[in-house]
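Student: Generate a structure from the sequence data that follows.
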Amino acid sequence: MTLVKRNRFFPSSLWDDFLKNDWLDTPVWTDNTTTLPAVNIKETDESFLLELAAPGMTKDDFKINLENHVLTISSTRETKNEETAEDGTYTRKEFSYSAFSRAFRLPETINSEKIGAKYTDGVLYLTLPKREEAKVKAPKQIEIA
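Tutor: Residues are numbered from 1 along each chain as shown. The predicted structure follows:
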């Protein structure tokens with residue numbers, strides 16, 4: 001399985017310090033790691049197991065697509081908060097928007113008809129079962145005639 005990672009435009013720590021901090025040492029620019037969930041990939045004899053850390057979300061926040069052996073997991077989330085004083089002297093509006101997309105090129109040995117997904121305790125679990133011909137088989141002893 002291939003994990004797609006982002007490329008950094010400015011690898012220098014000087015650039016990172018310049019772009020991430022203002023005079024008060026508060027972040028003003030962040031890179032994609034703030035919204036890009038971490039992924040673990042495990043291989044067993046029967047399948048690949050993919051775990052994507054996404055706490056605070058619900059299963060309805062995810063969109064999972066498979067096209068041409070590329071599995072894409074994405075999410076877009078928008079929250080809005082509006083508060084107005086009873087006397088109408090002020091109005092406060094806050095909103096946030098977060099989105100991510102992770103893509104994985106799957107080997108042809110995956111049985112795409114039986115891919116399963118569940119979301120539990122802040123982790124999205126995907127099971128990518130292997131086709132029968134790709135599963136590890138026990139060694140066979142061959143007798144000499």
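
Student: so where do the strands sit in this protein?
Tutor: For the chain, the strands defined by DSSP state E cover 2-3, 39-43, 47-53, 62-67, 70-84, 91-105, 116-120, 123-129.

Student: Next, the buried residues of the last one.
Tutor: Read that as strand 123-129. Under the neighbour-count criterion of 16 or more other CB atoms under 10 Å, strand 123-129 has 123, 124, 126, 128, 129 buried. To be clear about C-beta, it is placed using only N, CA and C from the backbone, and glycine gets the same treatment.

Student: same thing with the fifth one?
Tutor: When burial is assessed from 16+ other CB under 10 Å, strand 70-84 yields the following buried residues: 71, 73, 75.

Student: Distance check, the nearest residue in space to the second one that is not next to it in sequence against residue 87.
Tutor: Distances taken as CB to CB, 6 or more residues apart in numbering put residue 102 closest to residue 73, at 4.9 Å, once the chain neighbours are dropped. Plainly put, residue 102 is 48 Å away from residue 87 if you go by CB to CB, to the nearest Å.

Student: swap in residue 45?
Tutor: The gap separating residue 45 from residue 87 is 68 Å, by CB to CB.

Student: More neighbours: which of those two?
Tutor: It is residue 45, of residue 45 and residue 87, that has more neighbours when counted by other CB atoms under 10 Å, with 10 against 6.

Student: can I assume the more buried one is in contact with residue 136?
Tutor: Yes. Using CB atoms under 8 Å, residue 45 makes contact with residue 136 at a distance of 4.3 Å.

Student: Count the neighbours of the closest residue to residue 85 other than its chain neighbours for me.
Tutor: Distances taken as CB to CB, 6+ apart put residue 91 closest to residue 85, at 7.6 Å, once the chain neighbours are dropped. Using other CB under 10 Å, residue 91 has 9 other residues around it.
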